[in-house]
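> structure here, sequence nowhere to be found:
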């Protein structure tokens, strides 16, 4: 089964609702992934405005 990604947050989601934005708009078409472990110390998290640790898609179509 393909992983689905929230179109708004770009976080990988397993259930029917995004845990961050509570939305239900998902995509199976994504490219690349990154893992954010330590949000306060991560320069990438600041750049992409991520506030929660997790697995994120780089590009969502």
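Great, that's in hand. All figures in this text were calculated on a predicted structure; none of them were measured in a lab.

> buried residues in the worst-scoring helix or strand of the chain on mean pLDDT?
Among the helical and strand segments of the chain, the one scoring lowest on mean pLDDT, DSSP states H and E is helix 43-47, with a mean of 93. When burial is assessed from 16 or more other C-beta atoms under 10 Å, helix 43-47 yields the following buried residues: residue 45. Backbone N, C-alpha and C define where each C-beta goes, glycine included.

> shift numbering so it begins at 46
Got it, first residue is 46 now, which makes that one helix 88-92.

> mind listing residues that contact it?
With contact meaning C-beta atoms under 8 Å, 6 or more residues apart in numbering, helix 88-92 is reached by 79, 81, 84, 95-96.

> hmm, 6 Å instead?
The contact list for helix 88-92 (C-beta atoms under 6 Å, 6 or more residues apart in numbering) reads 81, 84.

> now do stretch 75-83
For stretch 75-83, using C-beta under 6 Å, 6+ apart, the contacting residues are 50, 87, 90, 95, 98, 100-105.

> quick check: which element contains the nearest residue to residue 75 once chain neighbours are set aside?
Excluding the flanking residues, the one nearest residue 75 by C-beta to C-beta, 6 or more residues apart in numbering is residue 102, at 3.9 Å. For residue 102, the enclosing helix or strand under DSSP states H and E is strand 99-105.

> tell me which residue is most central in the chain.
Central residue of the chain (C-alpha atoms, centre = their mean): residue 56, 1.5 Å from the mean position.

> tell me the phi and psi of the nearest residue to residue 101 once chain neighbours are set aside?
Spatial nearest neighbour of residue 101, chain neighbours left out: residue 55 (5.0 Å); criterion: C-beta to C-beta, 6+ apart. Taking degrees, to the nearest 10, you get phi 70, psi 20 for the backbone angles of residue 55.

> residues in contact with residue 55?
For residue 55, the contact set (C-beta under 6 Å, 6+ apart) comprises 101-102, 105.

> if we can go back for a sec, would you turn the contacts of stretch 75-83 into CSV with distance to residue 62?
Below are those laid out as CSV (distance: C-beta to C-beta, whole Å):
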residue, distance to residue 62
50, 14
87, 25
90, 22
95, 19
98, 19
100, 17
101, 17
102, 17
103, 23
104, 23
105, 17
